[in-house]
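Trainee: below are the sequence and a predicted model for it; my questions follow.
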Amino acid sequence: AQSVTQLDSQVPVFEEAPVELRCNYSSSVSVYLFWYVQYPNQGLQLLLKYLSGSTLVKGINGFEAEFNKSQTSFHLRKPSVHISDTAEYFCAVSDQTGNNRKLIWGLGTSLAVNP
Amino acid sequence: GAVVSQHPSRVICKSGTSVKIECRSLDFQATTMFWYRQFPKKSLMLMATSNEGSKATYEQGVEKDKFLINHASLTLSTLTVTSAHPEDSSFYICSARDRTDEQYFGPGTRLTVT
């Protein structure tokens, strides 16, 4: 069975500082990896995804993530955060086979950017 | 990107009544849609997978008779919460999967049962 662990439930950071949100997964099969962002009282928006190819994935809003197969990690990074990046961030995985591929979700990391 | 809408965005109902939530893919066809429930400050809990023209697949612990799902067309899935109770109050989110396998999420529906 697959699982996703987001190691930090809350990450406070000052504006313009770099940030890393950690995500580790476990799976016995090859997976696709995703990061979603949820702004207050809104639905989820895809930040970026890893399907194959380059392990460094660039997404929207200046975020990027690196797939590390040996460490089964997919950490999200941004070199300089803005107040507007304050949101809930979710890491998710799905396996690469099957018609009803489901996303397995982490518990989320609450990013709070302070002035 | 693709757009998924949900209606209504907020609903308040009395205990014992039923509520229907609609999920529409506006500019693509979705053979598969997913229904999630999200509690405050918690991750998403997958409730069921909805396939067009067939019965939904419910996750373990989700009452299929209480949460009725219908996926009558390639652009519409509905979730009906029957005989709602205060413990059903939550944020319900749907997603639709397109041909490239990407999931697009609706903005969510906040249900409050009084």
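Mentor: Perfect, I can see it now.
Trainee: which stretches of the chain have low pLDDT?
Mentor: Unless you meant another one, I'm taking chain A. Applying pLDDT under 70 to chain A flags residues A:96-100.
Trainee: correction: the question concerned chain B.
Mentor: Where chain B drops into low confidence, which here means pLDDT under 70, it does so at B:1, B:41.
Trainee: where do the strands sit along chain B?
Mentor: B:4-7, B:10-13, B:19-25, B:32-38, B:44-51, B:57-58, B:67-73, B:76-81, B:90-97, B:103-105, B:109-113 (DSSP state E).
Trainee: quick one: strands adjacent to the third one?
Mentor: The pairing partners recorded for strand B:19-25 under DSSP bridges are strand B:4-7 (antiparallel), strand B:76-81 (antiparallel).
Trainee: excluding chain neighbours, what is closest to the spatially most central residue of chain A?
Mentor: In chain A, the centroid-proximal residue (Cα atoms, centre = their mean) is residue A:35; its distance is 3.3 Å. The shortest distance from residue A:35 to any non-neighbouring residue, by Cβ to Cβ, 6 or more residues apart in numbering or on different chains, is to residue A:47 (4.4 Å). C-beta: built from backbone N, CA, C; applies to glycine.
Trainee: and stretch A:1-13, how far out from the chain's middle?
Mentor: For stretch A:1-13, the distance from its own C-alpha centre to the chain's C-alpha centre is 9 Å (Cα atoms, centre = their mean, to the nearest Å).
Trainee: try stretch A:61-77
Mentor: 7 Å.
Trainee: so is that stretch next to chain B?
Mentor: No: if you take Cβ under 8 Å from any Cβ of the partner chain as the test, stretch A:61-77 misses chain B, and the best it gets is 13.8 Å.
Trainee: check stretch A:83-94 too.
Mentor: Yes: applying Cβ under 8 Å from any Cβ, one finds stretch A:83-94 in contact with chain B at residue A:90.
Trainee: next, find the distance separating the residue sitting nearest the centre point of chain B from chain A.
Mentor: A centroid search over chain B (Cα atoms, centre = their mean) returns residue B:35, at 3.8 Å, as the residue closest to the centre. Going from residue B:35 to chain A by Cβ to the nearest Cβ, to the nearest Å gives 12 Å.
Trainee: on that earlier part again, tell me which helix or strand the residue nearest to residue A:35 sits in.
Mentor: Residue A:47 is part of strand A:44-50 when elements are defined by DSSP states H and E.
Trainee: what angle do that strand and strand B:32-38 make?
Mentor: 120 degrees (axes from the mean of the first three to the mean of the last three Cα atoms, to 10 degrees).
Trainee: just checking, what packs against strand A:44-50?
Mentor: Secondary structure elements in contact with strand A:44-50, counted by 3 or more Cβ pairs under 8 Å, 6 or more residues apart in numbering or on different chains; DSSP states H and E, are strand A:31-38, strand A:56-58, strand A:64-68, strand A:73-78, strand B:103-105.
Trainee: if we use 7 Å, what do you get?
Mentor: Using 3 or more Cβ pairs under 7 Å, 6 or more residues apart in numbering or on different chains; DSSP states H and E as the contact definition, the elements that strand A:44-50 packs against are strand A:31-38, strand A:56-58.
Trainee: got the contact list for that strand?
Mentor: Surrounding strand A:44-50, the residues in contact under the criterion Cβ atoms under 7 Å, 6 or more residues apart in numbering or on different chains are A:32-38, A:57-60, A:63, A:65, A:67, A:74, A:90, B:93, B:105.
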